[in-house]
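Colleague: Sequence and predicted structure, then a few things I'm wondering about:
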Amino acid sequence: MATVREVTHDLLRDLGMTTVFGNPGSTELPFLQDFPEDFRYVLALQEASALGMADGYAQGTGSAAFVNLHTGPGLGNAMGAMVTAWHNRTPLVVTAGQQDRRHLILDPMLSGNLVELAQPYVKRSHEPERAEDVPREIMRAYHTAMQAPKGPVFVSIPMNDWDVEAEPPPSHEVYHEPAPDPEGIKKFAQVLAGAERPAIVAGAWVDRKGAFHDTVALAEKLNAAVWEAPLASRAGFPQDHPLFQGGLAPAQKPVSEQLSGYDVVLVLGAPVFLYYPYVPGPVVKEGTEVLHITGDPDKASRAALGTSLFGNVAYAVRQLIEMLPEKTDRPAPPVREAPEVPEPATPIPPAYLMHTLAEVLPEGTAIFEESGSSRGTFHEYVRPGWPGAYFNAASGSLGYAMPASVGYKLAMPETPVVCLIGDG
């Protein structure tokens, strides 16, 4: 009979997780024994970098990545990156080696309560009751990570489990995406068709779910102004499109003012709304109706007002396109002005740097941006018009862009990748 190690290697191969990111120690060495030649282990010098690379890799492939950390201290080192993966909604199967279960009762060196350490920034955290359950628990972790809304899952694995004999788990497939309520889509289409001045707020889930071009088609059919959601971690609309108006401010009063000219606002793949500084004011001004489509049930229940529809954003957008009338006589919103060309100087002004970057970026580039103090300047000058163009840490943390850009490049070797770092 095969061992837990052999069964798990076969399972990882079947699930497409043959690239492993990690920083192993003594409690992980049994997993690495007889490591398959068709696998790839990406070694990081610190666990936060290992998890950050896995985050970028998973965002590139769209599927779960496998992470191998060193017991409690290694998991602790990675927790900041885990928080970012949670907010990025990145599917990860994160493992760490637990001490030998035969003497866990004696609290040996490198043992610890790993399950609680990973919480609450994972969708599930578990240590299998028996060694034979490890492969099945990894399969469950994969499907949990991939189930919408996606996110990281943690599995603690005692180091002696790998040599125990085990049967392979039965094959199990899961459809991971929920469809939005048909009646909700129909109602949204009716409201949008009757709108006089509609606007769309595009969030990270638009790009994440492959609805980038569909959202363009929807906006053009409505002749709607399009805004980027506050603090969006991915760009959900071409930044150079004539319907694009720029980014919404991350505070109540300015957001309500920016959206005050619209009678219907359709929020796609973003919260209603994400704020940072406290600037009191209404969510939207009186007379503005908010329609909200999200793949995250938590964001649907937390929405400050309006009508929320939970389900796959891409599917909902495509259904709306089919239901809306073919033509509209609504006037187009004003076109956003191009920024002035900045002058060079010493030291280099952020505006001149961003302008120069925009001039030389090839189409299709993936930009990992971590220049928080200059982010507004970045968005003013760098206006990519393609999907998968922009990534930042949805958690607001620093230290994400560099490892994530490396991981993304490993997943997408033919794609140009730019890492832009420089806060403060």
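Modeller: Sure, I can see it.

Colleague: Just the local confidence number for the residue lying farthest from the centre of the chain, please.
Modeller: Residue farthest from the centre of the chain, counting by Cα atoms, centre = their mean, is Leu106 at 40.3 Å. In this model, Leu106 is scored at 92, pLDDT.

Colleague: Now it, what are its backbone angles?
Modeller: With angles defined as degrees, to the nearest 10, Leu106 sits at phi -90, psi 10.

Colleague: tell me which element Gly364 falls in.
Modeller: Using DSSP states H and E, Gly364 falls within no helix or strand.

Colleague: Distance-wise, check the residue lying closest to it once chain neighbours are set aside relative to Phe188.
Modeller: Excluding its sequence neighbours, the residue lying closest to Gly364 (Cβ to Cβ, 6 or more residues apart in numbering) is Trp386, at 5.8 Å. Heads up, the C-betas are built off the backbone N, CA and C, glycines and all. As for Trp386, its distance to Phe188 is 27 Å (criterion: Cβ to Cβ, to the nearest Å).

Colleague: distance of Glu127 from Gly56?
Modeller: The gap separating Glu127 from Gly56 is 28 Å, by Cβ to Cβ.

Colleague: no wait, Leu32
Modeller: Leu32 is 23 Å from Gly56, by Cβ to Cβ.

Colleague: Which one of those two is surrounded by more residues?
Modeller: Set side by side, Leu32 and Gly56 show more neighbours around Gly56, with 31 against 15, by other Cβ atoms under 10 Å.

Colleague: Now do the contacts for that one.
Modeller: 368, 391, 403-411 (Cβ atoms under 8 Å, 6 or more residues apart in numbering).

Colleague: Let's see if you can find the most crowded of the residues you listed.
Modeller: Most surrounded of those: other Cβ under 10 Å gives Ala404, at 34 neighbours.

Colleague: residues touching that one, list them.
Modeller: Contacts for Ala404 were tallied using Cβ under 8 Å, 6+ apart; they are 52-53, 55-56, 59, 368, 391, 393.

Colleague: would you turn the residues you listed into a markdown table with pLDDT?
Modeller: Shown next, in a markdown table, are those (pLDDT from 0 to 100):
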| residue | pLDDT |
| --- | --- |
| Gly52 | 98 |
| Met53 | 98 |
| Asp55 | 98 |
| Gly56 | 98 |
| Gln59 | 97 |
| Phe368 | 98 |
| Phe391 | 98 |
| Ala393 | 96 |
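
Colleague: Those residues in strands, which ones?
Modeller: Of the contacts of Ala404, the ones assigned to strands by DSSP state E are 368, 391.

Colleague: Filter the contacts of Ala404 down to the ones in helices?
Modeller: 52-53, 55-56, 59 (DSSP state H).

Colleague: Nearest residue to the most centrally placed residue in the chain in space, ignoring adjacent ones along the chain?
Modeller: With distances taken as Cα atoms, centre = their mean, Asn88 lies nearest the centre of the chain, 3.1 Å away. Once flanking residues are discounted, Asn88 sits nearest to Ala394: 4.8 Å by Cβ to Cβ, 6+ apart.
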